[in-house]
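In: give me the fold of what follows.
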Amino acid sequence: MTDPDSDSRPTIDRRKFLTLAGATGIAGLAGCDGGGTTGDTPSGTATDTPTDTDTPTETSTDTPTETDTPTETATEPPAENGPFAEIPAPSGEGVERPSGDAGTLQVLDWAGFESAVTYTFDDGQPSHVAHYDELEATGADVTFYVSVNAEPEGAQETWKQAIEDGHEIGNHTVSHPHDDLSGSSFGEPEDSLAAEIEDCTEYITETLGQGDVWTFAAPFGEGGWTEPARESDLFLNRGVGGGSIAPGDGTDPYNLSCYMATEGDTADTFNGKIDSARSNGEWLIFLFHSIRPTDQEWFAPVDVGEITGSVEHATGYDDVWVDTVANVGAYWRGQQILESAAAEESGDETTWTWTVPEDYPSHQTVRVTVDGGTLSQNGTELEWNSSGYYEVALDEESLTLSP
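Out: Next up is the predicted model:
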């Protein structure tokens, strides 16, 4: 990771380092889209009120047996909890192993669910701390994008608890400035965009104790953050508009579409979007700012009951996957990795090979099905999961289908 403004800063591959080392008083804020605020606003911030729209902002791509046990591979198994906790199985069970001719490898969209939904909360606001217990009580893992200098009372304890509870803490920079380092929402900006990102990552890993940082949310949704995010080993950047994401729609991973909640939105607003994404087989990311009731309404406040009501609506479907940006996003990108793999035929076998990008998190899997035959990875036969899929470990970088 390199600060382009400093030749003296060493280059460090954080992904490799962490694999070896292991896990170990602000009154207001401008909206992350450069929009307006409700309540007190720090000086020097933009105040244009956002519109309720899904349009992107101008500022922002031997015979296997049937079992319910996940595939055993040479890679480290997923954690029981955390942003990359084991993906739940879809509701179907008792699905027989395909017995036709070997062929037709297909990656299941959204890990076998009809759609996916993610809830994100920006800035590390006092209202997020105040309403954390209510969000946690829904049982859904969510993503909190925190800015270091926006640290209300009780924030560190809350974010540490959130990590322990399985939520994701994402990178939202140190001071929340524009991409020209002007108009910081929280104190003075760092010397460069890279420093804003890297110092926030350091805070999350060293102060809060999260094993790594995987995803980013650009302040104000501005495009100038894209390259610094890429260079900082972050594999996704969430934007501030644009609607839902389909498995193969060409969405830029460094400008993920989302729906940004606005003041006055209700559970009915959110539920309608959840239902639409479910019908269309898409990933819907929600972006929330201030949560009511609170005496610090920084931007676009929404009542906590409207948020938790929509979470209950989403989790009420047994075919909707509700999870963090990191977990759903890793599957979404993992599907693209496998679907673009090079295929080579040798006799009656077909082998796919691929290279996992350096910024992509390790120990990720995707779920696949075939018409028939036997799937194996580097000599290890994959087991059929009776929920209707084989689990392919991307770190193996090879998959073979044989009769």
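
In: hey, let's count contacts and neighbours off CA atoms from now on
Out: OK.

In: show me where the stretch 151-300 of the chain has strands.
Out: Chain-ordered strands for the stretch 151-300 of the chain, with DSSP state E, counting those that start in this stretch as the definition, fall at 168-171, 215-217, 236-242, 256-260, 283-288, 291-292.

In: pick the most buried one from these.
Out: Mean neighbour counts were taken over those using mean count of other C-alpha atoms under 10 Å, and the top value, a mean of 31, falls to strand 168-171.

In: show me what that strand is packed up against.
Out: On a contact count with 3 or more C-alpha pairs under 8 Å, 6 or more residues apart in numbering; DSSP states H and E, strand 168-171 meets strand 143-146, helix 155-165, helix 193-202, strand 215-217.

In: mean confidence score for the third one?
Out: Right, the one you point to is helix 193-202. Averaged across helix 193-202, the pLDDT comes to 98.

In: nearest to Pro361, out of the helices and strands packed on strand 168-171?
Out: Nearest to Pro361 among the helices and strands packed on strand 168-171 is strand 215-217; the distance by C-alpha to C-alpha comes to 10.4 Å.

In: the closest one packs against which elements?
Out: Checking 3+ C-alpha pairs under 8 Å, 6+ apart, strand 215-217 ends up next to strand 168-171, strand 236-242.

In: just put those in CSV and tack on mean pLDDT.
Out: Putting the helices and strands packed on strand 215-217 into CSV (pLDDT from 0 to 100) gives the following:
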stretch, mean pLDDT
strand 168-171, 98
strand 236-242, 96
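
In: in this structure Asp323 contacts Thr138, no?
Out: No: between Asp323 and Thr138 there is no contact, the gap being 11.9 Å when judged by C-alpha atoms under 8 Å.

In: which one's more surrounded, those two?
Out: Neighbours were tallied for Asp323 and for Thr138 using other C-alpha atoms under 10 Å; the higher tally belongs to Asp323 (26 against 15).

In: from Asp133, how far out is the residue nearest the centre of the chain?
Out: For the chain, the residue nearest the mean C-alpha position is Val325 (1.4 Å; C-alpha atoms, centre = their mean). For Val325, the distance to Asp133 equals 20 Å [C-alpha to C-alpha, to the nearest Å].

In: try Pro189
Out: 32 Å.

In: can you give me the helices in the stretch 301-403 of the chain?
Out: Counting by DSSP state H, counting those that start in this stretch, the stretch 301-403 of the chain has helices at residues 304-315, 325-339.

In: tell me where the model's unsure across the chain.
Out: Scanning the chain for pLDDT under 70 picks out the ranges 1-82.

In: per-domain residue ranges of it.
Out: 31-58+115-316, 66-110+328-402 (automatic domain parsing).

In: just say which of the ones you listed is most tucked in.
Out: Compared across those, domain 31-58+115-316 shows the largest average neighbour count, a mean of 21 (mean count of other C-alpha under 10 Å).

In: chain center to it, what's the gap?
Out: When C-alpha coordinates are averaged (C-alpha atoms, centre = their mean, to the nearest Å), domain 31-58+115-316 and its chain have centres 11 Å apart.

In: returning to what we had before: out of the helices of the stretch 301-403 of the chain, flag the one nearest Gly112.
Out: Across the helices of the stretch 301-403 of the chain, Gly112 has its closest neighbour in helix 325-339 (10.8 Å, C-alpha to C-alpha).

In: other residues contacting the closest one?
Out: By C-alpha atoms under 8 Å, 6 or more residues apart in numbering, the residues outside helix 325-339 that reach it are 83-85, 87, 107, 109-111, 116, 118, 120, 142-143, 168, 214-215, 236, 247-248, 253, 285, 354-356, 360-361, 364-366, 394.
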